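S.K.: Quick one, structure for this:
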Amino acid sequence: MAKPHDFQSWLEGPFRARLDKASRRRAPQLPAPQVLVVTPAGRFAYGETELPFHCASVGKLFTAVLIGRQIERGDYRLDTPIGDILPRHELSALPAAPGVDFASEVTIEHLLSHRSGLQDPIEPLRAARVEDLLVQVQREPNRYWSRADLLALTHSMPAIGRPGERFGYSDAAYALLLRVAEVAAGVDSEELLRTEVFARAGMTQTHRPHNAGPEVDLAAVRMAPVFLGDTDMSRARAASAVSSDGGAVTTVDDLHQFNRALASGDLISPELRERLMRPQSKLRAGIHYGAGFVTLKLGEFMPLVLRGLSEPVGGLGLSAVHTVHYREQDVFVALNFHATHEMGASFEAQIALARALKQFGGRA
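M.R.: Predicted structure coming up:
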């Protein structure tokens, strides 16, 4: 194989060969990864890129942008207490640290940045003595979970700290943000996401069938499989629980459309975008959260080997979904590896892309 002379050639040569090799090693039930890389010089696509899939927690980006749009309209501010928007009876059962009034002390930014004190029903702390929601979802795949059902799980989970004191990743916080958006606009969150985010960004293949209600026939929805352990959850009605944060069925092309609209200022202003992107907390080495956005500090995974890599910004989903923008090189990446146990492989692909961008100096 000829040595690539630039990043685009590397994508079509060594990177495609790498994905081919990885695909041959995957479990038989897993399709090939879906990968889209868009550079100033062109695009690289791999797998069935036209096939929709569940984007999991990448949907938190959609919710963050919806909240940002309402902030810029003047509906509220980042520092607005949520009790100024939501009625107190909806907040009274939510856990708070001793001496903390949840309604008056938890702000919009606390929820966006996972610093509200709320635990995550998906992966509660052991001390909470609450069954992991992922276990419940696998056990009852046909159960429909409303946003209220998800929030109710948090009622028996003690707060992890005072507002702003400690990072604690929380799907419940984002379910609450969608409720904030509804009350502020007087419109259902499904409609708000469709009109304020998906349509504005040109995301023509993105929708939220799992959250539309138990009457929707999910068997008729075309989408790629998504494995939670050994269980394909793509058409499970219980996926409504893990998409109550804004998660949707989408495509890699639509994720690119979203990130490009975000980068161009078509969704929220550059000033607010930069504030929301700014890292505030570290989930673990290499993964840093701002207010709805993730910064991948890929060099932290292996500091001696990966020093000096670019730090893309975007979103991650538990089923090995990434959508990021390498801002220095203006390169967009959207990928889906279809399974929770493929997260490591998805990061290996992301690191390979970042190393190649460094090697070729951003030449596309």
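S.K.: in the stretch 251-364 of the chain, which spans are helices?
M.R.: 252-264, 270-277, 343-359 (DSSP state H, counting those that start in this stretch).
S.K.: Dump these to a markdown table, plus distance to D20 and mean pLDDT.
M.R.: In this view, the C-beta of every residue, glycine as well, is placed from N, C-alpha and C. Formatted as a markdown table, the helices of the stretch 251-364 of the chain follow (distance: least, C-beta to C-beta, whole Å; pLDDT from 0 to 100):
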| stretch | distance to D20 | mean pLDDT |
| --- | --- | --- |
| helix 252-264 | 18 | 98 |
| helix 270-277 | 34 | 98 |
| helix 343-359 | 12 | 96 |
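S.K.: Are there helices or strands packed against the helix or strand harbouring A199, and which ones?
M.R.: In this structure, A199 is located in helix 199-201 according to DSSP states H and E. Helices and strands touching helix 199-201, by 3 or more C-beta pairs under 8 Å, 6 or more residues apart in numbering; DSSP states H and E, are helix 252-264.
S.K.: can you list contacts of the helix it packs on?
M.R.: 34-36, 38, 45, 49-50, 55, 58, 61-62, 65, 197-198, 200-206, 267-268, 273, 314, 323-325, 327, 330, 332, 334-336 (C-beta atoms under 8 Å, 6 or more residues apart in numbering).
S.K.: Buried ones among those?
M.R.: 34-36, 38, 45, 49, 55, 58, 61-62, 65, 197-198, 201, 203, 205-206, 267-268, 273, 314, 323-325, 332, 334-336 (16 or more other C-beta atoms under 10 Å).
S.K.: pLDDT (mean, whole number) over stretch 318-327?
M.R.: For stretch 318-327, mean pLDDT is 97.
S.K.: In the protein, where is pLDDT below threshold?
M.R.: 1-5, 125-130, 361-364 (pLDDT under 70).
S.K.: how does it divide into domains?
M.R.: 7-55+246-361, 59-205 (the TED database).
S.K.: Pull the contacting residues for R162.
M.R.: Per C-beta under 8 Å, 6+ apart, neighbours of R162: A97, V100, E105, G117.
S.K.: cutoff 7 Å now
M.R.: By C-beta atoms under 7 Å, 6 or more residues apart in numbering, the contact set of R162 is A97, V100, G117.
S.K.: so which helix or strand takes in it?
M.R.: Using DSSP H and E, no helix or strand contains R162.
S.K.: Check the gap between it and G99 for me.
M.R.: 8 Å (C-beta to C-beta, to the nearest Å).
S.K.: any idea which element V35 lies in?
M.R.: Going by DSSP H and E, V35 is part of strand 34-39.
S.K.: CA-only coordinates of that strand in PDB, if you can.
M.R.: Taking Å, rounded to 0.1, in the frame of the first residue of the first chain, the C-alpha atoms of strand 34-39 are listed here in PDB:
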ATOM      1  CA  GLN A  34     -20.500   3.300  11.200                       C
ATOM      2  CA  VAL A  35     -17.900   6.100  10.800                       C
ATOM      3  CA  LEU A  36     -18.000   9.500   9.100                       C
ATOM      4  CA  VAL A  37     -15.100  11.800   8.900                       C
ATOM      5  CA  VAL A  38     -15.600  15.200   7.200                       C
ATOM      6  CA  THR A  39     -12.500  17.300   6.400                       C
END
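S.K.: Go ahead and confirm A96 touches S104.
M.R.: No: at 10.1 Å, A96 does not count as touching S104 under the criterion of C-beta atoms under 7 Å.
S.K.: follow-up on the earlier one: rebuild the helices of the stretch 251-364 of the chain as CSV, extending it with distance to L296.
M.R.: As requested, the helices of the stretch 251-364 of the chain are exported to CSV (distance: least, C-beta to C-beta, whole Å):
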stretch, distance to L296
helix 252-264, 14
helix 270-277, 12
helix 343-359, 7
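S.K.: what does whichever strand or helix holds E191 rub up against?
M.R.: Using DSSP H and E, the element containing E191 is helix 189-192. By C-beta under 7 Å, 6+ apart, the surrounding residues in contact with helix 189-192 are L66, L178, A181, E182, A185, R208, N211, A212.
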